[in-house]
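# predicted model and sequence below, questions to follow.
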Amino acid sequence: MNQLIEYGWNEERQKYWNDYIVSGGEKNYVAGRVTLEHKRMYRVATAEGEWLSVCSGAFQHAAFERRDFPAVGDWVAVEKMPGEERGIIHTVLPRTSLFSRKAAGTTIAEQMIAVNVDIVFLVMSMNDDFNVRRLERYLVAAYDSGALPVIVLTKMDLCDNPELYIEEAQQTAIGSDVVAVSVVTGDGIDTLSKMLKNGKTAALLGSSGVGKSSLINAFCGEDRMAVQGIREDDAKGRHTTTHRELIKIPTGGILIDTPGMREFQLWNESESLDSGFKDIETLAEACKFRDCGHRSEPGCAIQAALAKGVLPIERYDNYLKLQKELAFLDRKMDRQAQIAERNKWKQVTKGMRKHPSKKKK
C-alpha cells in the first residue's frame, strides 16, 4: 500500500474501504486514484501499477449526472481485467472536496475541475492578467469546494512593483495566504513546497500562460511540463495544458494541473458567497435593521462604508452581480428539474397506455 500512500491514501480512506468494500465481499477490487481522464477513459494508479480503465456497465447505468462519474483525483474501486493492464471501475469513494464551475457557454451543466484536493492554488501573474473580479469568483468557488485557497502571484521577476499586486490580493482574499513567486529566481517556491507534504493534494487553477506548468517544473526540479508564455501584445496566455493530470512531486505531495480558464461562472452549489466577501457580511451584520436592503435605509453600514471609501464600489457591485448570477442559475436549474420530471411522467403515462391493465372478467 506504500504506493497508494504516495498518492494520498490515508487511514480514513482505509477505514471506508474495510467497512464498505472489503466487508461487502468484493475481494477482486483494489483501490486506485484517477491520475488522468480522457473521454470517459481513465488512468488509475494502484498498488499493482497503472491501468487504463473504464466504468462498468452497471456503474454507467446508475450514474445520473456528471459528478456521478470519476474525475482526476478521485479514489475508486477498480478490478483488473484478466491478463491485461486494464481495469474496470465499479465505484467512486466519497470525496473530501469538489471544485467545480458552470460549463462554458449557454448549457446549464456542471464541469468538475478538481476533486479530493486539500489546497487550491489560485494562480495569477503580476501583469495585465491580474483581475480582482475574477479572483473573487475563484475564491467563492474555492471556499465552497471545501479546500483551502492560497493565492499564488507569478512572474515576480518581471514585475516592477510586486507589492502593489500583493496588497490588492490580500485585501481581496481576506484571511487567505498570498504568495508571490518567481520560477526564475526561485522566490516563493519553497513556501509553496512546504504546503505539499505527507500526501497533501493541491490543484492549480488560473488562466492560460500564467505559469502553472512552470510552477510544476519548479516543484519537480525538471522540465516535466511543456511551457508557453503570455503574449507580449495583450498579456493573454497561450494554451499549454489541454487536460487535467495528477502529478506526484518530490516533497511527497500531489499536484493536479488543469487547463487554463478564461471564463469562470459559478455553479449553483456555491453557497459560500459570504465566505468570499467576509468584509461585506460583517458590515451587513452592523446595519441598523435586520432586513436592510442596503440601498437608502437609515443606519445602513454598507452604504456608509461605500460613502467613506472603506468598501470599494467595484467590489460591492461584483458581490451583487454574483448574487444575481447564482439566483438566475438556481431558477434555470429549477425549471430544468421541472421539465425533466414532466417528461418522466409523460413517458410513464405513454407506457401505461401501450400496456393497459386487463379487465376483470
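That came through, no problem.
# can you list the domains in this protein?
Following automatic domain parsing, the chain resolves into domains at 2-92, 98-257, 277-324.
# okay, these in a markdown table with mean neighbour count and mean pLDDT next?
For the C-beta atoms, the positions are set from N, CA and C on the backbone; glycine is no exception. Converted to a markdown table, the domains of the chain look like this (neighbours: other C-beta atoms under 10 Å; pLDDT from 0 to 100):
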| stretch | mean neighbour count | mean pLDDT |
| --- | --- | --- |
| domain 2-92 | 17 | 92 |
| domain 98-257 | 19 | 83 |
| domain 277-324 | 14 | 88 |
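# the protein: strands as residue ranges?
For the chain, strands defined by DSSP state E occupy the ranges 29-38, 41-46, 49-55, 75-80, 86-92, 98-102, 110-115, 119-125, 148-154, 177-180, 201-206, 245-248, 254-257.
# select, out of the ones you listed, the one closest to E314.
Nearest of these to E314, taken as C-beta to C-beta: strand 119-125 at 16.8 Å.
# list the helices and strands the closest one packs on?
When contacts are defined as 3 or more C-beta pairs under 8 Å, 6 or more residues apart in numbering; DSSP states H and E, strand 119-125 sits against helix 132-145, strand 148-154, strand 201-206, helix 212-220.
# on that earlier part again, now the strands of the chain in JSON lines, with distance to E285?
Listed next are the strands of the chain as JSON lines, based on distance: least, C-beta to C-beta, whole Å:
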{"stretch": "strand 29-38", "distance to E285": "42"}
{"stretch": "strand 41-46", "distance to E285": "46"}
{"stretch": "strand 49-55", "distance to E285": "47"}
{"stretch": "strand 75-80", "distance to E285": "40"}
{"stretch": "strand 86-92", "distance to E285": "39"}
{"stretch": "strand 98-102", "distance to E285": "28"}
{"stretch": "strand 110-115", "distance to E285": "32"}
{"stretch": "strand 119-125", "distance to E285": "27"}
{"stretch": "strand 148-154", "distance to E285": "23"}
{"stretch": "strand 177-180", "distance to E285": "26"}
{"stretch": "strand 201-206", "distance to E285": "31"}
{"stretch": "strand 245-248", "distance to E285": "41"}
{"stretch": "strand 254-257", "distance to E285": "36"}
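# and E65, which of those is closest to it?
With respect to E65, and counting by C-beta to C-beta, the nearest of those is strand 110-115 at 7.2 Å.
# neighbouring strands - and their directions - for the closest one?
Strand 110-115 has the following strand partners under DSSP bridges: strand 98-102 (antiparallel).
# what about the nearest residue to I256 once chain neighbours are set aside, distance to N28?
Nearest non-adjacent residue to I256, counting by C-beta to C-beta, 6 or more residues apart in numbering: A203, 4.4 Å away. Distance of A203 to N28, given as C-beta to C-beta, to the nearest Å: 32 Å.
# before we move on, what about P298?
P298 sits 70 Å away from N28, going by C-beta to C-beta.
# can you check L139 too?
For L139, the distance to N28 - C-beta to C-beta - is 43 Å.
# quick one, helices of the stretch 251-361 of the chain?
273-276, 278-285, 301-308, 313-354 (DSSP state H, counting those that start in this stretch).
# what bridges to the residue nearest the centre of the chain?
Central residue check for the chain by C-alpha atoms, centre = their mean: the C-alpha nearest the mean position is that of F99, 2.2 Å away. For F99, the beta-bridge assignment (DSSP bridges) gives partners A114.
# going forward, begin numbering at 59 instead of 1
Noted, 59 is the first residue going forward, which turns the last one into F157.
# touching, it and L197? I think so.
No: the criterion here is C-beta atoms under 8 Å, and F157 misses it with L197 at 11.6 Å.
# show me what contacts the nearest residue to T316 once chain neighbours are set aside?
Sequence neighbours aside, R302 is the residue nearest to T316 in space, at 5.2 Å (criterion: C-beta to C-beta, 6+ apart). By C-beta atoms under 8 Å, 6 or more residues apart in numbering, the residues touching R302 are 94-95, 129-130, 171-172, 314-317.
# turn these into JSON lines, including distance to A276.
Shown next, in JSON lines, are the contacts of R302 (distance: C-beta to C-beta, whole Å):
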{"residue": "L94", "distance to A276": "22"}
{"residue": "E95", "distance to A276": "25"}
{"residue": "A129", "distance to A276": "26"}
{"residue": "V130", "distance to A276": "21"}
{"residue": "I171", "distance to A276": "22"}
{"residue": "A172", "distance to A276": "20"}
{"residue": "I314", "distance to A276": "16"}
{"residue": "D315", "distance to A276": "13"}
{"residue": "T316", "distance to A276": "17"}
{"residue": "P317", "distance to A276": "19"}
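# K346 is in contact with C358, correct?
Yes: here C358 lies in contact with K346, judged by C-beta under 8 Å, at a distance of 7.1 Å.
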